[in-house]
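Predicted model and sequence follow; I will ask about them next.
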Amino acid sequence: MTKIFVPLLLALIVAGCGTTGGPLATVEDRTGGKPDAGSAQAAGAGSRTGAEATETTGLAATGVSASSLDGRQLDGGSFAGDQRKNPASPLSKRSIYFDYDSFVVKDEYRGMLEAHAGYLLANKGARAILQGNTDERGSREYNLALGQKRAEAVRKALGLLGVSDVQIEAVSFGEEKPRNEGNDEAAYAENRRVDLVYADE
Amino acid sequence: MLRAVLVFPLMGLMLLANALTARAAMEIQVIGGAANKIALAMVPFQAAPGQPQPALTQIAGDDLNRSGQFRLVDTSGVPAPFEPAQVNYATWRGKGAEALVIGQVAALPGGRFEVRFRLLDVVKQTQLAGFSYNIAPEQWRATAHQIADIVYEKLTGTKGAFSSRIAYVQKQGKKFELRVADADGQNPRTVVRSSEPLISPMFSPDGSRLVYVSFEDKKPVVYVQSLSDGSRQKVAAFKGSNSAPAWSPDGRRLAVVLTRDAASQIYLINADGSGLTRLTEGGNIDTEPVFSPDGQTVYFTSDRGGSPQIYRVPVTGGDVRRVTFSGSYNVSPAVSPDGRLLAYISRDEGRFRVALLELATGQTRVLTDSARDESPAFAPNGQSVLYATVQGGRGILGTVSVDGRTRARLSESGVDAREPAWGP
């Protein structure tokens, strides 16, 4: 399942390089207003990426039924319970860090984002919030917009991996909720970040 | 489409009415001042029999001192006049006073007081103003600010703004309070208390309401709150972030920044949350909208040119024009009440300072000498700019006159103050 997403993510990274000024990717059309989430997924993803879309649809279909008992048994493994809390799982990783004045999702977050995309596709009821953050320098409102831009970059990344906009919301905390309250470069780097938070956690 | 607008009382967030319990008041420090200050003697008013000396002249004197346009003349060592007939003009001329304020207080039935004050021209030996107030015991400060306003207007020709109010956010530990205080920072009252951040307050044009952004819903949401009863309403709580609210001059609409359709974009919405229309287009950041006083133009910050700069757009949409050109970071526009000046934050060599742009000529001037200035807001009379800055590692509020010559700090020990707004 991981392999399927690699070309998508590469495409995303290329696209990400040009996102600072350009229009947003058109991920909005993928829900298509259809009541059936599975087929809507197929339509949306298919219109965008061709062959991989089939895989996405397959995963989505599996995901829908994975909420049954069978799915849980397959997931069991050595870590009993919520895989999102399994320290060995990429699902336990929730923070994406950004370079100064940058909105590009770096390549090192590929595995983590694929894992979360897989989880969201498999759990259609799951809702994730992407919280953008910035360092403290400059205008609070402008920083709020910068944090939003980072959250949107991650939202687009997940969208390209087939996740429906219905399941994710990009918001910003700007500079208002720093993880590190310091005011040196190390603290700033820690605060240039998007956190992925599940609504049920 | 629009979600239903929620109306609910403050619940956990409290409206505090008792100003007297508020903590340590702000102190005032003045740096610099106008070249030709008016020499003013303010004689402490005669107290009512059996009553303590009211702080009227102290409060009004601080107000006038903070404007940078007055030099307060020492009033000690000479007999204090309370009525015009008691004034020895030669004495006051000898002390260098150009104008003199005298007054007296009388106790009235029902615990009220009468305050009489006169402003006298020491040179011409004439009365410039004389007023009598019938006040309740909690109106001492308001009376003092009124006296300062009258003195200021009579002697400078410009309306005073000492009776106006400011709002700001105070952070203490992990607690955030939105507070409303007198323009001198005194008499603070908390109107919102939250464990989540509060930012971007702005008074409605009539001063009856505050709009602000609260993060209590784990994301930025725009609220409008009545200052009289503390009731409030979510006016923008769309998917994504909702922020940067600004009142239209008629108080009926708000400009807000939403991310529901694209990156941060500017929308107009009625003050009750209805009638949403989009004002700016594109995939760039457009934020920090403010209306021109005539309501025809919206100034805002955008990164559409590669770096954040201030732009303007007609309120009906259409042509966007760039307003700031020098430097790579110009944000947080505020328009003067007469529409002629734009105050904003400009970054130069890593320092963020308050700058002023004369819109007609394009002339700019840096007003402050600090490094972390934010959120400029004009006084209602346009004579000074209130802003937030950082000093000694904590947030403080300051004012600077539009000529840049007078700076005053409104600071309160032990707390972080930020996000100031100036209301009527």
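Good, I have the coordinates.

Which parts of the stretch 251-400 of chain B are strands?
B:253-258, B:265-270, B:277-278, B:286-291, B:297-302, B:309-314, B:321-322, B:330-335, B:341-348, B:351-358, B:364-366, B:374-378, B:384-391, B:394-401 (DSSP state E, counting those that start in this stretch).

Please save the CA atoms from the fourth one in CSV.
Below are the C-alpha coordinates for strand B:286-291, written out as CSV (Å, rounded to 0.1, in the frame of the first residue of the first chain):
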residue,chain,number,x,y,z
ASP,B,286,-4.9,38.5,1.8
THR,B,287,-5.5,39.5,5.4
GLU,B,288,-5.7,42.4,7.9
PRO,B,289,-8.4,44.3,6.1
VAL,B,290,-9.4,47.8,7.4
PHE,B,291,-12.0,50.2,6.0
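
residues in contact with that strand?
Residues from elsewhere that reach strand B:286-291 (Cβ atoms under 8 Å, 6 or more residues apart in numbering or on different chains): A:139, A:141-142, A:144-145, B:243-244, B:246-249, B:255-257, B:264-266, B:279-280, B:297-302, B:304, B:311, B:315, B:331-335. No exception for glycine: its C-beta is placed from N, CA and C like everyone else's.

cool, the last one as well?
When contacts are taken as Cβ under 8 Å, 6+ apart, the neighbours of strand B:394-401 outside the stretch itself are B:26, B:34, B:66-68, B:166, B:168, B:171, B:185, B:354, B:367-368, B:370, B:379, B:383-390, B:406-411, B:415-418, B:420.

Just those residues: which are in helices?
Counted as lying in helices by DSSP state H, out of the contacts of strand B:394-401, are residue B:66.

for chain B, which spans come out with low pLDDT?
Along chain B, segments meeting pLDDT under 70 span B:1-34, B:411-414.

Can you classify residue B:57 by secondary structure?
Secondary structure for residue B:57, judged by DSSP: H, G, I helix; E, B strand; the rest coil, is helix.

Which residues are in contact with the nearest residue to it once chain neighbours are set aside?
In space, residue B:57 comes closest to residue B:42 once its chain neighbours are excluded; the distance is 4.3 Å by Cβ to Cβ, 6 or more residues apart in numbering or on different chains. For residue B:42, the contacting residues are B:57, B:60-61, B:64, B:72, B:75, B:100-101, by Cβ under 8 Å, 6+ apart.

go again using 10 Å as the cut-off
Residues in contact with residue B:42 (Cβ atoms under 10 Å, 6 or more residues apart in numbering or on different chains) are B:56-58, B:60-61, B:64-65, B:70, B:72-73, B:75, B:97, B:99-103, B:117, B:119, B:147-148, B:151.

can you tell me which of those are in helices?
B:56-58, B:60-61, B:64-65, B:147-148, B:151.

coming back round to it: emit the PyMOL select command for whichever of the contacts of strand B:286-291 are buried.
Buried residues among these (16 or more other Cβ atoms under 10 Å in any protein chain shown), as a PyMOL selection:
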select buried, (chain A and resi 139+141+142+144+145) or (chain B and resi 243+244+246+247+248+255+256+257+264+265+266+279+280+297+298+299+300+301+302+304+311+315+331+332+333+334+335)
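
Next, please give the residue ranges for the helices of chain A.
Taking DSSP H as the criterion, chain A carries its helices at A:2-17, A:37-49, A:51-65, A:69-75, A:110-122, A:140-160, A:185-191.

So which other helices or strands are in contact with the last one?
Here helix A:185-191 touches strand A:95-97, going by 3 or more Cβ pairs under 10 Å, 6 or more residues apart in numbering or on different chains; DSSP states H and E.

Could you give the bridge partners of the residue nearest to residue B:219 when sequence neighbours are not counted?
Of all residues not flanking residue B:219 in the chain, residue A:171 sits nearest, at 3.9 Å (Cβ to Cβ, 6+ apart). When assigned by DSSP bridges, residue A:171 has beta-bridge partners residue A:131.

Report the contact partners of residue B:266.
So residue B:266 contacts B:244, B:246, B:255-258, B:278-281, B:286-289, B:298, B:300-302, B:313, B:317 (Cβ under 10 Å, 6+ apart).

at 6 Å instead, please
By Cβ atoms under 6 Å, 6 or more residues apart in numbering or on different chains, residue B:266 lies in contact with B:255, B:257, B:279-280, B:286, B:289, B:300.

still on that earlier bit, what's opposite the residue nearest to residue B:57 in the beta bridge?
Applying DSSP bridges to residue B:42 gives these bridge partners: residue B:101.

Same check on the one 4 residues further on?
Per DSSP bridges, residues listed as beta-bridge partners of residue B:46: residue B:104.

What separation do you get for it and residue B:137?
Separation of residue B:46 from residue B:137 (Cβ to Cβ, to the nearest Å): 18 Å.

By mean pLDDT, show me the worst of the helices of chain A.
Least confident of these, judged by mean pLDDT, is helix A:51-65 with a mean of 29.

Counting neighbours, what do you get for residue A:172?
Using other Cβ atoms under 10 Å in any protein chain shown, residue A:172 has 30 neighbouring residues.

how about the residues of chain A near chain B?
For chain A, the contact set with chain B under Cβ under 6 Å from any Cβ of the partner chain comprises A:22-24, A:139-142, A:144-145, A:148-149, A:169-172, A:176.
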